[in-house]
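S.K.: coords please:
(one chain, ligands or ions: 2)
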Amino acid sequence: MNALAPALTVTRDLLTGTEWSPAVVRELNHLAADIKARPDRYRRALGGRFLALIFEKPSLRTRVTFEVGIQGMGGGAVFLDHTGTRLGARESIGDVARNLERWVHGIVVRTYEQRVLDELAARAAIPVINALSDRFHPCQALADFFTLEERFGGLRGLKLAYVGDGNNVCHSLLVAGARVGAHVRVATPPSYEPDAETVAEARRAARETHGKIELFHAAEEAVAGAQAVYTDVWASMGQEHEAAERAAIFAPYQVNQALMDLAGPDSVFLHCLPAHRGEEVTDAVMDSPRSIVFDQAENRLHVQKAILLMLLS
Ligand code: CP
Ligand code: NVA
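M.R.: Residues are numbered from 1 along each chain as shown. Ligands and ions are numbered 1, 2, ... in the order given. Below you'll find the predicted structure:
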């Protein structure tokens, strides 16, 4: 047991975010705040631990923040580039898991199908962390709510409007938002809503925290009076062939100055990045003083360090 790790019992893996209770998310935010304020205290917290980073999709933020976070706590990261060949093509996912567990202490995975994460976690005796799948991006949403807590001082009842595609980032904002007691309002075009199972799970979790989950089709309705307005790309990694069709469908969901004017006076703008400027968000909003997108990016580092300590200590 690492003396710097929290006392709370957490799950072995972070695959969806639904496995973490509101209490675990609170603990994570406390730990991340301490790591951010006093990084030197954690210089050796992962001493001698190694992680494998398997990425089937490109990344700037997630890769750099995991590598810097692991090395900044005295651990080692081995990056496995699977952007060319899918995991499981050369040898079975189970055999990959049973090799890696002999050498490293955890696996960070960016993949397409959620079942790849499930299979790795089922076969490996070491923690598996979802670094983005088609369905979820838990590290992103946890860092986003940490960022909002820094900004607003609390999360209960905080009104977050997510505008755009009901995708992986949207799902994880619902899951994490429910756990921190936020009011998450999602506006998507018809047929692009978040999946019903995730919405139902978030609504169940929100009952415990007095959070609220609301779905809309009109961006203006979701954004009215919101304290935080969030968007993401209209075509995610793996959907590039749908980009033109989606650009037409999602045009009314662009976050521009007119939409931001409907939000609360103290409202902020968030984006997981990468942004497609001029599509889901205008330059004026991205570069405005209300934009906290680079704070979000910074906090990926501190929050993921906390995630690593919670799972590996
Ligand atoms: N937000 C995010 O996960 O960025 P990357 O795709 O660059 O890792
Ligand atoms: N929804 C985006 C998020 C990128 C961080 C994607 O999956 O491409």
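S.K.: Enumerate the residues of the stretch 151-300 of the chain near ligand 1.
M.R.: With CB under 6 Å from any ligand atom as the criterion, the stretch 151-300 of the chain meets ligand 1 at residues 272, 273, 274. Any C-beta I mention is one placed from the backbone N, CA and C, and that applies to glycine too.
S.K.: Swap in 5 Å and give it another go.
M.R.: residue 272 (CB under 5 Å from any ligand atom).
S.K.: could you pull out the helices for the stretch 151-300 of the chain?
M.R.: 168-180, 196-209, 219-223, 243-250, 257-260, 283-286, 293-312 (DSSP state H, counting those that start in this stretch).
S.K.: Now those in JSON lines, please, with extra columns for distance to residue 109, mean neighbour count and mean pLDDT.
M.R.: Conversion of those to JSON lines gives the following (distance: least, CB to CB, whole Å; neighbours: other CB atoms under 10 Å; pLDDT from 0 to 100):
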{"stretch": "helix 168-180", "distance to residue 109": "13", "mean neighbour count": "28", "mean pLDDT": "98"}
{"stretch": "helix 196-209", "distance to residue 109": "19", "mean neighbour count": "17", "mean pLDDT": "98"}
{"stretch": "helix 219-223", "distance to residue 109": "32", "mean neighbour count": "20", "mean pLDDT": "98"}
{"stretch": "helix 243-250", "distance to residue 109": "25", "mean neighbour count": "14", "mean pLDDT": "98"}
{"stretch": "helix 257-260", "distance to residue 109": "35", "mean neighbour count": "16", "mean pLDDT": "98"}
{"stretch": "helix 283-286", "distance to residue 109": "29", "mean neighbour count": "16", "mean pLDDT": "98"}
{"stretch": "helix 293-312", "distance to residue 109": "13", "mean neighbour count": "22", "mean pLDDT": "98"}
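S.K.: Can you lay out those helices as a markdown table showing distance to residue 30?
M.R.: As requested, these are exported to a markdown table (distance: least, CB to CB, whole Å):
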| stretch | distance to residue 30 |
| --- | --- |
| helix 168-180 | 13 |
| helix 196-209 | 16 |
| helix 219-223 | 30 |
| helix 243-250 | 37 |
| helix 257-260 | 31 |
| helix 283-286 | 31 |
| helix 293-312 | 9 |
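S.K.: So for residue 145, which of these sits nearest?
M.R.: helix 168-180 (5.2 Å; CB to CB).
S.K.: ok and the closest one relative to helix 196-209, angle-wise?
M.R.: With axes from the mean of the first three to the mean of the last three CA atoms, to 10 degrees as the basis, helix 168-180 and helix 196-209 are set at 20 degrees to each other.
S.K.: helices and strands around helix 168-180, which ones?
M.R.: If you count contacts as 3 or more CB pairs under 8 Å, 6 or more residues apart in numbering; DSSP states H and E, helix 168-180 packs onto helix 22-37, helix 138-152, strand 159-163, strand 183-187, helix 196-209, strand 212-216.
S.K.: Could you check the angle it makes with strand 159-163?
M.R.: 170 degrees.
S.K.: Report the backbone C-alpha coordinates of helix 168-180 in PDB.
M.R.: Coordinates of the C-alpha atoms in helix 168-180 are reproduced here as PDB (Å, rounded to 0.1, in the frame of the first residue of the first chain):
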ATOM      1  CA  ASN A 168     -18.000   8.800 -26.200                       C
ATOM      2  CA  VAL A 169     -17.300  12.100 -24.600                       C
ATOM      3  CA  CYS A 170     -21.000  12.800 -24.100                       C
ATOM      4  CA  HIS A 171     -21.500   9.400 -22.500                       C
ATOM      5  CA  SER A 172     -18.700  10.000 -20.100                       C
ATOM      6  CA  LEU A 173     -19.900  13.400 -19.200                       C
ATOM      7  CA  LEU A 174     -23.300  11.900 -18.400                       C
ATOM      8  CA  VAL A 175     -21.700   9.200 -16.200                       C
ATOM      9  CA  ALA A 176     -19.300  11.500 -14.400                       C
ATOM     10  CA  GLY A 177     -21.800  14.300 -14.200                       C
ATOM     11  CA  ALA A 178     -24.400  12.100 -12.500                       C
ATOM     12  CA  ARG A 179     -21.800  11.100  -9.900                       C
ATOM     13  CA  VAL A 180     -20.900  14.600  -8.900                       C
END
